[in-house]
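Asker: Have a look; sequence and predicted model below, questions after that.
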Amino acid sequence: MTDQKPFQSSNDYTLKSVTVTSDTGTVINIANLVAQLEIFESLERPYLTGVMLIRDDVDFVDGISFNGTERCVIDIEQPLSDGLSIQINFILRKINSVKKTNDQTEVLSISLIEEVAFNSQLQKLSTSYTGRPDEIIQKIFEDVDETIDMPSIVPAQSANIKYLIPNLTAMSAADTVKSRCSTANGMPFFLYKTMNEPNIKLKSLEEMMATPPWNQGKPYRYSQAYTNSQVNLTAEALAYSVEKFSYATKDDTLSLIEAGSVTSSIDMIDLTTGVKESFSFNAQAAFQDLYDVGILTSGDKPVLSSTYGVNDLDLTNAPAKAISRVITTSTYNGYKNLFEETSPALFKLDFVRRAFKNIMLKSSISITVPGVHYLTGKNKSIGTQIQFFYHNNNSISADKLSSEDDLRDRKRSGKYIVYAARHLFVANKHTVDLQAVKLGNEK
């Protein structure tokens, strides 16, 4: 077995090649022209996107007759003796901007979109599928030769659904079906793609929360004093140091109230039969259900937790937002349509899912961390759980010989799900901006 060399810093990377192939067959490696590369991952997209800045002094645009359909294979790795190479197939989607620096040189900003997403626009589906929602999604991607990693917790929706796709792309059709998926506890599902693993993934928030943080016992830490005092920290230890932290425009409970994610009353009207089903949603009761099944524990406090009230009514007992929805049933013989269910409880899951998806964004954070953990061939970004330590703002406790627990900001520390990631490769440095979300604060 080859001995692995220690990396020189927690931001090391090697851009091995950036191979562009034009429609005419011209092939050029522009790795030495790339000044900056950004790659974006999101739980809301089953494909990657990116932006690349290049310094063009070789007549790149005219030389390949750029028209927005050029294939681009990016090959990148950590500079280890046994480093794993990550290859991503992009299409150069468009030129965003051009800045001339002199007569022979200009800087181009080029948008990237993963080839699978570009190709999806050329393949429209007009067919029908039957089964449970996750099974239908799997069949959709199989028909366009894409592999999907299936969830271990399956949707609670009917296993006897028929979905007739009305001339949609595979990705649009799969997203429509995904939007109807929830677990039996009302947790939403996400359809996404990561930089490190080749398959599209379908996974619920419940499954993500049930998986322990990959950095358990080694939390990402935002503390200037800690980082500055650890002069002898190894590169491996510094890999868990947070360079930047942002907590802007969060904890907007009023927007959740307006969206019906705190309390709401719902009327479901069946146009086929004329039957009306009515039920209510209460966020406090929905959170209690999460405690009852162990998704949240006694050490967690709901991110939506307030005793604010007016005229003896608190938030979750105030007059509900009224929501009406019209559906049709008995569309197909022997099958349910995508929006049809067998009971009010299953209809209600759709509203619980929407509420939890809104609530989880309430206390999200953005952190910038070294990229060393994110070029390993194993996903540790979106869809995973991380531990985070945030130093409190108590100067009194800081002056004492306090324990780490005393120095902890319990609202912003804790376990988070990574919701989105921006990989930045520039000036021989790889950093990752993580947007992370949660449903429970530490008590």
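Answerer: Yep, that arrived. Numbering: from 1, shown residues only.
Asker: And the strands in the stretch 51-200 of the chain, which stretches?
Answerer: For the stretch 51-200 of the chain, strands defined by DSSP state E, counting those that start in this stretch occupy the ranges 70-77, 86-102, 105-114, 124-125, 128-131, 148-149, 161-164, 168-169, 189-192, 200-204.
Asker: Mind listing the strands the fourth one pairs with, and their directions?
Answerer: Translated: strand 124-125. Paired with strand 124-125 in the same sheet, following DSSP bridges, are strand 168-169 (antiparallel).
Asker: show me where the stretch 251-400 of the chain has strands.
Answerer: Using DSSP E, counting those that start in this stretch, strands in the stretch 251-400 of the chain cover 263-270, 276-282, 300-302, 309-310, 313-314, 321-327, 365-370, 385-390.
Asker: confidence score at residue 340?
Answerer: pLDDT recorded at residue 340 is 88.
Asker: With residue 119 as the reference, measure out to residue 47.
Answerer: Plainly put, residue 47 is 10 Å away from residue 119 if you go by C-beta to C-beta, to the nearest Å. The way it works is simple: take the backbone N, C-alpha and C, and place the C-beta from them, glycine included.
Asker: more neighbours, those two?
Answerer: Between residue 47 and residue 119, residue 47 has the larger neighbour count (other C-beta atoms under 10 Å), namely 21 against 17.
Asker: Now do the contacts for the nearest residue to that one once chain neighbours are set aside.
Answerer: Take residue 47 and drop its neighbours on the chain: the residue closest to it by C-beta to C-beta, 6 or more residues apart in numbering is residue 117, 3.8 Å away. With contacts taken as C-beta atoms under 8 Å, 6 or more residues apart in numbering, residue 117 has the following neighbours: 45-47, 49, 171.
Asker: quick one: which of those is nearest residue 331?
Answerer: residue 171 (24.0 Å; C-beta to C-beta).
Asker: my guess is the closest one meets residue 46, correct?
Answerer: Yes: counting by C-beta atoms under 8 Å, residue 171 touches residue 46, with 6.0 Å between them.
Asker: Compare these two and say which is more crowded by neighbours.
Answerer: When residue 171 and residue 46 are compared for neighbours, residue 46 comes out ahead with 27 against 23, by other C-beta under 10 Å.
Asker: Can you verify my assumption that that one contacts residue 192?
Answerer: Yes: using C-beta under 8 Å, residue 46 makes contact with residue 192 at a distance of 5.8 Å.
Asker: what do the two both touch?
Answerer: residue 200.
Asker: who's in contact with the residue of the chain most remote from its centre?
Answerer: Here the chain reaches farthest from its C-alpha mean at residue 103, the gap being 42.2 Å by C-alpha atoms, centre = their mean. Listed by C-beta under 8 Å, 6+ apart, residue 103 has no contact partners.
Asker: Look up how far residue 277 lies from the spatially closest residue to residue 72 that is not a sequence neighbour.
Answerer: The shortest distance from residue 72 to any non-neighbouring residue, by C-beta to C-beta, 6+ apart, is to residue 90 (4.5 Å). Using C-beta to C-beta, we find residue 90 at a distance of 47 Å from residue 277.
Asker: The two: which has the busier surroundings?
Answerer: Remark: of residue 90 and residue 277, residue 90 carries more neighbours, 27 against 16, as counted by other C-beta under 10 Å.
Asker: show me the contacts for the more buried one.
Answerer: 48, 50, 71-74, 112-115.
Asker: Same check on residue 128?
Answerer: 162-165.
Asker: try it again with 10 Å
Answerer: Going by C-beta atoms under 10 Å, 6 or more residues apart in numbering, residue 128 touches 136, 162-165, 332, 335.
Asker: Dump the residues you listed to TSV, plus distance to residue 214.
Answerer: What follows is those, written out as TSV (distance: C-beta to C-beta, whole Å):
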residue	distance to residue 214
136	31
162	39
163	35
164	41
165	37
332	43
335	41
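Asker: Redo the residues you listed as TSV? Include pLDDT, neighbour count and distance to residue 433.
Answerer: Formatted as TSV, the contacts of residue 128 follow (pLDDT from 0 to 100; neighbours: other C-beta atoms under 10 Å; distance: C-beta to C-beta, whole Å):
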residue	pLDDT	neighbour count	distance to residue 433
136	97	24	34
162	95	18	42
163	95	25	36
164	94	12	40
165	94	20	36
332	90	15	46
335	93	16	44
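Asker: Closest one of the residues you listed to residue 407?
Answerer: For those, the nearest to residue 407 is residue 136 (49.5 Å; C-beta to C-beta).
Asker: shaky segments in the stretch 251-400 of the chain?
Answerer: 319, 395-400 (pLDDT under 70).
Asker: From residue 22, how far off is the residue nearest to residue 47?
Answerer: Taking C-beta to C-beta, one finds residue 117 at 20 Å from residue 22.
Asker: Now for the residue lying closest to residue 371 once chain neighbours are set aside, how many residues are close by?
Answerer: Using C-beta to C-beta, 6+ apart and skipping residues adjacent in sequence, the residue nearest residue 371 is residue 430, 3.2 Å away. Using other C-beta under 10 Å, residue 430 is surrounded by 23 other residues.
Asker: partners of residue 430 in the sheet?
Answerer: residue 425.
Asker: cool, and residue 86?
Answerer: Applying DSSP bridges, one finds that residue 86 bridges with residue 76.
Asker: can you check residue 309 too?
Answerer: Going by DSSP bridges, residue 309 forms beta bridges with residue 314.
Asker: for stretch 24-41, how far is the first residue from the last?
Answerer: Using C-alpha to C-alpha, to the nearest Å, the end-to-end distance of stretch 24-41 comes out at 31 Å.
Asker: for stretch 307-326, same thing?
Answerer: End-to-end distance (C-alpha to C-alpha), stretch 307-326: 34 Å.
Asker: what does it contact?
Answerer: 253, 256-271, 276-278, 280-287, 304-306, 339, 347, 350-351, 354.
Asker: residue contacts, residue 283?
Answerer: Residue 283 neighbours (C-beta under 10 Å, 6+ apart): 256-257, 260-264, 302, 304-305, 315-316, 352, 355-356, 358-359.
Asker: quick one: it and residue 263, what's the gap?
Answerer: Residue 283 is 7 Å from residue 263, by C-beta to C-beta.
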